[in-house]
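J.: just coords:
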């Protein structure tokens with residue numbers, strides 16, 4: 001709900017999401033803004049650095065650069081492309097986001113579903129293999145927990161995705 005409030009109160013033309021315990025490299029916003037401008041894209045994507053205790057590892061995409069148009073980003077989301085997981089490490093056109101919002105009440109994976117809904121709108125997405133987002137993993141984060149019932153939210157979102165695909169792309 002906090003991200004939805006941020007979208008609704010944003011006065012600028014671009015939006016990026018940053019988790020409270022993460023950081024961006026100092027050139028991240030400018031780099032993604034340039035990427036959007038150079039490719040006339042609705043969304044710019046970079047990869048992240050995972051920071052856990054004293055170790056830093058960079059996630060990389062399979063190619064240096066992708067430009068997804070039409071249904072390409074939706075297809076990549078359905079193929080589970082890592083660039084489609086998180087709403088963070090991206091820069092969005094506020095106009096493109098429009099009335100799309102995060103689902104409230106789900107505990108995990110609400111950001112990948114937000115992206116999925118954006119991808120249903122067939123954006124132009126520029127994806128650059130440059131690590132600019134610093135994800136600080138903690139032992140009690142959802143991605144590091146052994147198991148709890150929050151993981152079942154994935155099934156709810158999978159069913160919603162299935163319904164949307166069958167409705168919009170029979």
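T.: Received the coordinates, thanks. Computed from a predicted structure; not experimentally measured.

J.: Tell me which helix or strand comes right after the longest strand along the chain.
T.: If you go by DSSP state E, the chain has its longest strand at strand 125-136. Remark: after strand 125-136, the chain's next helix or strand is helix 153-168, criterion DSSP states H and E.

J.: residues of that next one that come out buried?
T.: 153, 157, 161 (16 or more other Cβ atoms under 10 Å). All C-beta spots, glycine's among them, are computed from the backbone N, C-alpha and C.

J.: Please enumerate residues in contact with it?
T.: 78, 103, 106, 107, 108, 109, 110, 112, 113, 116, 117, 120 (Cβ atoms under 8 Å, 6 or more residues apart in numbering).

J.: Low-confidence stretches in the chain?
T.: Scanning the chain for pLDDT under 70 picks out 139-147.

J.: need the strands for it, in chain order.
T.: Counting by DSSP E, the strands of the chain are 14-15, 23-24, 43-52, 55-58, 65-68, 90-93, 125-136.

J.: Kindly reformat these as JSON lines containing mean neighbour count.
T.: Listed next are the strands of the chain as JSON lines, based on neighbours: other Cβ atoms under 10 Å:
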{"stretch": "strand 14-15", "mean neighbour count": "16"}
{"stretch": "strand 23-24", "mean neighbour count": "16"}
{"stretch": "strand 43-52", "mean neighbour count": "21"}
{"stretch": "strand 55-58", "mean neighbour count": "10"}
{"stretch": "strand 65-68", "mean neighbour count": "17"}
{"stretch": "strand 90-93", "mean neighbour count": "23"}
{"stretch": "strand 125-136", "mean neighbour count": "22"}
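
J.: Include distance to residue 169 when you put those strands into CSV, please.
T.: Output for the strands of the chain, formatted as CSV (distance: least, Cβ to Cβ, whole Å):
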stretch, distance to residue 169
strand 14-15, 27
strand 23-24, 34
strand 43-52, 20
strand 55-58, 34
strand 65-68, 16
strand 90-93, 23
strand 125-136, 18
